[in-house]
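Novice: have a look; sequence and predicted model below, questions after that.
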Amino acid sequence: PDTTFCQSTGYILNAGSGYTSYQWQDGSSDSIFVADSSGLYYVYVENPCSYGYDSIYLEAFPITDIDLGNDTTACSGSVILLDPGFGFISFLWHDGSMNQFYSADQSGLYWVEVIDNNLCPSFDTIAIDFVAPDPNIGNDTIVCSGENVTFYVQDGFVNYSWQDGSTLPYLIAGSAGTYWCEVTDTMGCLGRDTVNLGLNYPPAISLGNDTSFCSGENIWLNVLISDSASSFHWHDGSTDSSYQVTEPGYYWVSAVNDCGTGWDSVYVASKQLPLVFLGNDTIIFAGDQILLDAGSGFENYLWLDGSTIQTYQLNEAGTYWVNVFDGSCYNTDTILIEPVSCDLFIPIVFTPNGDPYNENFYAQASKEVYDFYLQVFNRWGEEIWFTRDKDEFWDGNHNGRPAAEGSYFWLVSYKCSGSNQTFNLK
């Protein structure tokens, strides 16, 4: 042969340009002819001045047939090994890889080009579709405890296999968890779907243990709940999630949600406050001291100045308080100590003898003294004289005659401005 070529690529014969006509061996009239087999090829050319002829003998290397197989369908998860065959000096796959073998595991179009020992290329393609059954159990769902739900798989599969080994196209479930079904189609391919089942419960509520509060105070009952509730209902019809207790007794509450009702009750007792008494409000004279005693038997004492003992010594007027704690409750008492705001002087002797000195017996009282009552008694307890006027005096006469010389006793009672207390002196 004059030359050789690869049949798979053809051989281009070019008669050149500038001629007015061309005629190839097959009668075609282009300036170019593509040879695709072995044989003698020739062409006649003409122009206005002359004509010409040329021929060539070509030998074609035959096409090497490769076969990746027919387009196919396979189960997802499987692998198809593609092989164009042996005896080639190079391989080039669609993704640029150059190995003889190719592992296909995704749907798509695959191709390979090979070069044989004659340096001739060959090419083949295959379309592969990896498929899997697509069962549908349904969406994740939640039901109330004690209820069942049925999960269905659509028809059209050969086999069904649930996680518990059952083989029906449906499953009745009543427990929280994950459920799955694996199906087999007519190709033998496997597919699976999974669904989660959750459970809701009636409200589980608690008011806590029985409790108590100190008299005069209050406590709040709070509903402790393990599951959501849409509404609450207390014994008295109130609907909040907490309740203020001011009286002892039994208290109950119910809670409702879509799955039912839960309830709880509690007994609340009232504790007596510790009894503390500092005494009645009183007065204090200048220079005097008063000892306040909160009483014994308490765990803690707290006075107004921060001291923490049972008693408190004071020497001036004011408001004093103490807070005591008996181990359960606190209580406070207050006492008002008022200053004495008036003066009173009564002499112990007088001499009604006609001289200018000590002729009368009387009280010397400041203007703050009121409700004044002064009595004079002889030694046998007989009342000799009295007055309710702090400015009145006794001249020593009794029943129109001078009283006998001797010892007499007096009693006086009065009040002072700023205090309701009655003072008694003798």
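Specialist: Yep, that arrived.

Novice: show me what the helix or strand that contains Ser122 pairs with in its sheet, parallel or antiparallel.
Specialist: Here Ser122, judged by DSSP states H and E, is contained in strand 121-131. Strand pairing for strand 121-131, using DSSP bridges, gives strand 72-75 (parallel), strand 108-115 (antiparallel).

Novice: now the element after the first one, going C-ward?
Specialist: In this case it means strand 72-75. Trace forward from strand 72-75 with DSSP H and E and the next one is strand 80-82.

Novice: show me what that following strand is packed against.
Specialist: Under the contact definition 3 or more Cβ pairs under 8 Å, 6 or more residues apart in numbering; DSSP states H and E, strand 80-82 sits against strand 102-104. The C-beta positions use only the backbone N, C-alpha and C, and glycine is treated the same way.

Novice: about what we covered before: and the strands paired with strand 121-131 as TSV, adding mean neighbour count?
Specialist: TSV is the format used below for those (neighbours: other Cβ atoms under 10 Å):
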stretch	mean neighbour count
strand 72-75	14
strand 108-115	17
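
Novice: quick check: which of these is nearest to Val412?
Specialist: strand 72-75 (123.1 Å; Cβ to Cβ).

Novice: so what's the gap between the closest one and the chain middle?
Specialist: Taking Cα atoms, centre = their mean, to the nearest Å, one finds the center of strand 72-75 at 51 Å from the center of the full chain.

Novice: restricting to C-alpha, output that strand in CSV.
Specialist: The C-alpha coordinates for strand 72-75 follow below in CSV (Å, rounded to 0.1, in the frame of the first residue of the first chain):
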residue,chain,number,x,y,z
THR,A,72,-28.7,-0.9,31.9
THR,A,73,-30.4,-0.3,35.3
ALA,A,74,-29.0,-1.5,38.6
CYS,A,75,-29.8,-1.3,42.3
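
Novice: what's it in contact with?
Specialist: With contact meaning Cβ atoms under 8 Å, 6 or more residues apart in numbering, strand 72-75 is reached by 80, 126-132, 187-190.

Novice: so what's the residue count around the closest residue to Ser417 other than its chain neighbours?
Specialist: Of all residues not flanking Ser417 in the chain, Glu368 sits nearest, at 4.1 Å (Cβ to Cβ, 6 or more residues apart in numbering). Using other Cβ atoms under 10 Å, Glu368 is surrounded by 16 other residues.

Novice: now do the SS call for Tyr44.
Specialist: When classified by DSSP: H, G, I helix; E, B strand; the rest coil, Tyr44 comes out as strand.

Novice: and the nearest residue to it once chain neighbours are set aside, what does it touch?
Specialist: The shortest distance from Tyr44 to any non-neighbouring residue, by Cβ to Cβ, 6+ apart, is to Gln23 (4.5 Å). Counting by Cβ under 8 Å, 6+ apart, Gln23 touches 29, 43-45.

Novice: Tyr102 too?
Specialist: 81-83, 93, 110, 112 are the contacts of Tyr102 under Cβ under 8 Å, 6+ apart.

Novice: low-confidence ranges, the stretch 151-300 of the chain, go.
Specialist: 286 (pLDDT under 70).

Novice: what are the boundaries of the helices in it?
Specialist: Per DSSP state H, counting those that start in this stretch, the stretch 151-300 of the chain carries no helices over any range.

Novice: ok, the residue nearest to Ser417 touching Phe423?
Specialist: No - between Glu368 and Phe423 there is no contact under Cβ atoms under 8 Å: 11.7 Å.

Novice: and for those two, which residues touch both?
Specialist: Shared contacts of Glu368 and Phe423 (Cβ under 8 Å, 6+ apart): Cys416.

Novice: strands along the stretch 251-400 of the chain, start to end?
Specialist: 260-271, 282-284, 290-293, 300-303, 311-314, 318-325, 330-339, 344-345, 361-362, 364-365, 369-377, 383-387, 393-394, 397-398 (DSSP state E, counting those that start in this stretch).

Novice: single out the most deeply packed of the ones you listed.
Specialist: Mean neighbour count (mean count of other Cβ atoms under 10 Å) peaks for strand 361-362 among the strands of the stretch 251-400 of the chain, with a mean of 20.

Novice: so what strands line up beside that strand?
Specialist: strand 393-394 (antiparallel).

Novice: now tell me what touches the strand it pairs with from outside.
Specialist: 360-362, 376, 385, 387.

Novice: go through stretch 163-172 and flag the buried ones.
Specialist: The neighbour-count check on stretch 163-172 (16 or more other Cβ atoms under 10 Å) flags 169, 171 as buried.

Novice: same thing with stretch 177-191?
Specialist: 179-185, 189-191.

Novice: now do the contacts for Tyr267.
Specialist: Neighbours of Tyr267 in contact, by Cβ under 8 Å, 6+ apart: 210, 249-251.

Novice: let me know the closest of those to Thr9.
Specialist: Nearest member of these to Thr9, counting by Cβ to Cβ, is Tyr251, at 98.2 Å.

Novice: what's the neighbour count on Pro347?
Specialist: 12.

Novice: which pLDDT value belongs to it?
Specialist: Predicted confidence (pLDDT) at Pro347: the value is 86.

Novice: surely it and Phe361 touch.
Specialist: Yes - with contact defined as Cβ under 8 Å, Pro347 reaches Phe361; the gap is 6.8 Å.

Novice: before we move on, the earlier item: the residue nearest to Tyr44: what secondary structure?
Specialist: From three-state DSSP, the assignment for Gln23 is strand.
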